[in-house]
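# sharing a model that was predicted from the sequence below.
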Amino acid sequence: MISMTSVILFLRFILLQLFVNIAKGASIFNVIEFGANPNGTTESTQPFLSAWASACASRVSSSIYVPEGRYLIGFAEFRGPCENPIRVQIDGTLVAPIDYNALGNSSYWLLFIQVNRITVVGGVIDANGAGFWACKTSGQNCTVGARSITFNWVNDGEISGLTSINSQLTHLVINSCNNVTVSNVNIVAPDLSPNTDGIHVQSSTNVTITNIIIKTGDNCISIGPGTRNLWMEKIQCGPGHGVSIGSLARDFIEDGVENVTLVNSNFSGSDNGLRIKTWARPSIGFVRNISYRNIVMNNVENPIIIDQNYCPNNQGCPLQSSGIKINQVTYENIQGTSATQVAMTFDCSPTNPCVGIKLKDINLTYLDIKKAQSFCKNIGGTSGGVIVLENCL
């Protein structure tokens, strides 16, 4: 008969072999072993880049580990292609230099470029943007500013569990990517911080954004040309400028936006809710197959708005008419309170009217007691279910 002691020793042996096999299957590169200092004041950019170079060249899957502590990082470009998948595990805080000039005119702080199978998990990134915002608002001659974390030409990427605070410009950019997931991310900047969009997506396909809390000074999420198959769910937005498709029609030759969905989300105190914005000038671009479902508004200005007459100071819009074609946009189960009496605005292009706009179960009130109003111009569509506001469609 086999004794209990023998069974325990056998199980220990199996577990030991399992851990050995795991260790053989992946390499771990600790940034401290490359010279990074977690005191928050010693420049640690090069150690991070050295850890990346080793991970990128690894013949097996690898992890870059950032232990607890604060790490002073300047502009860092993590470039691929790399041999195998890389996981960046951040248990500490990355801080940008307080002097915003230190990031120069690169437009980036942390840039992941031409990398496949990259995962960034956990941690805090603090861009120390206050000095840059002060420069911009004072009208001084400033650097162009930096986006905190950018994925450029990334395939099969993931960002999860990250907190981004006080970005100089946009917190997170997804550009020219395919199959990227962003989840469980917190984004924070003051409500008056200029151009601090939470997440910007453009020229990308199959992007999923879920369980995000965004409190910032510009769009919570902005969606640019060339975005296709974007799924957004459980977004908490406010303060901020809402979830915006656009601005579009900046250029005449411009890729379209299609198959965008936002569901089960909340807006609180934001300047806009669900917004589509285009310049009032010619373009071959389009917006189609957009779906907004199960959205709650709490004291939101412009809960639903399509604005195709964007033209600051009436400059650069020779025909005052947008070429962007908007069709098949659905709003379903949108409820809550509007901070403006006109809760629903459809100000569409006179030369390219909005078509296929669908409303179903819209319950928006103004100041909780007054019936909210709507405004329609150059629009065609249908209404169904219960519409609790003055419906112009």
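It's in.
# show me the beta-bridge partners of the residue most central in space within the chain.
Nearest to the geometric centre of the chain sits I199, at 1.8 Å (CA atoms, centre = their mean). Assessed by DSSP bridges, I199 has beta-bridge partners L172, I221.
# you'd agree it is up against S222?
Yes. Assessed by CB atoms under 8 Å, I199 is found in contact with S222 at 7.5 Å. No exception for glycine: its C-beta is placed from N, CA and C like everyone else's.
# overlap in contacts of the two?
T170 (CB atoms under 8 Å, 6 or more residues apart in numbering).
# show the contacting residues for S62.
A26, S27, I28, F29, S54, A55, N84, P85, I86, R87.
# pull out the buried residues from those.
S27, F29, A55, N84, P85, I86, R87 (16 or more other CB atoms under 10 Å).
# inside helices: which ones of those?
Among the buried ones among the contacts of S62, the ones falling in helices (DSSP state H) are A55.
# least confident of the buried ones among the contacts of S62?
Among the buried ones among the contacts of S62, S27 carries the lowest pLDDT, at 93.
# so what's that one closest to, chain neighbours aside?
Closest residue to S27 apart from its sequence neighbours, by CB to CB, 6 or more residues apart in numbering: S62 at 4.3 Å.
# just the pLDDT for the one you found.
Looking at S62, its pLDDT is 97.
# check the one 3 residues further on too.
Looking at Y65, its pLDDT reads 98.
# partners of the helix or strand hosting it, with directions?
Element membership of Y65, judged by DSSP states H and E, is strand 61-66. Looking at strand 61-66 with DSSP bridges, its partner strands are strand 26-30 (parallel), strand 86-90 (parallel).
# switch these over to CSV; also include distance to S283.
Shown next, in CSV, are those (distance: least, CB to CB, whole Å):
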stretch, distance to S283
strand 26-30, 46
strand 86-90, 38
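# select, out of those strands, the one closest to E258.
In terms of CB to CB, the element of the strands paired with strand 61-66 nearest to E258 is strand 86-90, at 31.4 Å.
# what is the helix or strand following that closest one packed up against?
The helix or strand immediately downstream of strand 86-90 is strand 93-95, counting by DSSP H and E. When contacts are defined as 3 or more CB pairs under 8 Å, 6 or more residues apart in numbering; DSSP states H and E, strand 93-95 sits against strand 70-72, strand 124-126.
# next SSE after the last one?
It stands for strand 124-126. helix 130-138.
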